[in-house]
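Asks: here is a sequence with its predicted model. Questions after.
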Amino acid sequence: MASIGRALRRPWIVPFYVVVFGFLLSRLPLYVGFDPAKSTAPTRLDLPFYYPLLVAHILFGSVAFVTASIQVWPWLRNRNPKLHRISGRVYVLGGALPAGLAILTITPFLTHGPGQKAGNALLGLLWLGTTIVGFRRARQGRIVEHREWMLRSFALCFSILASRFWLGPAILWLEPEVFTMGVDGPPAVQDQVSTLTSWVPWVVNLLIAEWFNHRARYKALGRQAAKRAAAQTGVAQDAVPPVASGSPAVPTGAAVLERPAPDPVP
Ligand code: HEM
């Protein structure tokens, strides 16, 4: 019981898993039957490779989602490092790389304007780039950098979820007739909506990831400074002469710091 309590100490874990698995359960059934008529994403039936690559993208993207979700739960990561290593490799080799390559192949043929194509192309390239660098840093044992790059990779991966949340405000702003009359705006306005949702979610997610990385770096610097100060204090305490009876048992910090450091041991 206590262990479940500890596992759920992060209040974001349960809502996070509900959203991730809710998304997968709502999307995957539309694509596992390989029936283009069920696709909610526009398909290009004039291009025979388009739909298979879209489905490959979604299936490998789902592997990336599941394995990334395993990686971000600190309790599971600390308790089962072997699972962390295995799911990390599956995320890279069986999720992000094939899903990213599949979507990059069909990006030039997407159905909306150049804004959508450019946003998705850059997102796909950054996703592949951050994942590859993060993977290499882990293999090189550069763990702090590995964590920073993987955080960027996950931020880009989950921007697909975030784009579903941005879609509502984008439509409300640019084509409110979808909500009021149930009809799509003109194609040019739909292109604006898809441009907005192809850029804003991942740029915002990446900025949030950078903020986390900066915060972690500053915290680490703070810990190092505190350790150094404690070590100096320890050195100074070693130099304190035996306490005479009647004097305070523990000298004050200021007093300790003011004492000269001991001579180096020959
Ligand atoms: C981060 C790199 C990714 C890029 C650049 C990307 C890009 C795209 C694009 C361009 C489409 C077609 C959208 C359209 O034509 O309207 C699409 C569809 C889709 N992608 Fe991704 N995607 C990425 C990652 C993911 C991930 C990690 C998943 C996880 C499952 C995912 C799941 C889907 C799904 C379910 C669809 C179909 C959407 C629908 O039915 O409305 N994608 N993606």
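Replies: Cool, the structure landed. Residues are numbered from 1 along each chain as shown.

Asks: from now on I want contacts and neighbour counts done on CA atoms only, so please keep to that.
Replies: Will do.

Asks: residues from the stretch 51-200 of the chain in reach of the ligand?
Replies: For the stretch 51-200 of the chain, the contact set with the ligand under Cα under 6 Å from any ligand atom comprises 58, 61-62, 64-65, 100, 103, 110, 120, 123-124, 127, 156-157, 160.

Asks: I figured Cys157 hits Phe65, correct?
Replies: Yes: contact criterion Cα atoms under 8 Å: Cys157 and Phe65 qualify, at 7.4 Å.

Asks: those helices in the stretch 51-200 of the chain, which residues are they?
Replies: 74-79, 81-89, 97-106, 114-139, 143-157, 159-174, 177-180, 187-238 (DSSP state H, counting those that start in this stretch).

Asks: can I get the ones you listed in CSV including mean pLDDT, distance to Ser39 and mean neighbour count?
Replies: Output for the helices of the stretch 51-200 of the chain, formatted as CSV (pLDDT from 0 to 100; distance: least, Cα to Cα, whole Å; neighbours: other Cα atoms under 10 Å):
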stretch, mean pLDDT, distance to Ser39, mean neighbour count
helix 74-79, 84, 35, 14
helix 81-89, 93, 29, 16
helix 97-106, 98, 15, 21
helix 114-139, 97, 19, 19
helix 143-157, 96, 21, 22
helix 159-174, 92, 16, 17
helix 177-180, 84, 20, 12
helix 187-238, 91, 17, 16
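
Asks: quick one, what contacts Gln192?
Replies: When contacts are counted by Cα atoms under 8 Å, 6 or more residues apart in numbering, Gln192 touches 115, 174.

Asks: repeat that for 10 Å
Replies: 112-116, 170-171, 174-175, 198 (Cα atoms under 10 Å, 6 or more residues apart in numbering).

Asks: if I look at Val189, how far off is the ligand?
Replies: Going from Val189 to the ligand by Cα to the nearest ligand atom, to the nearest Å gives 14 Å.
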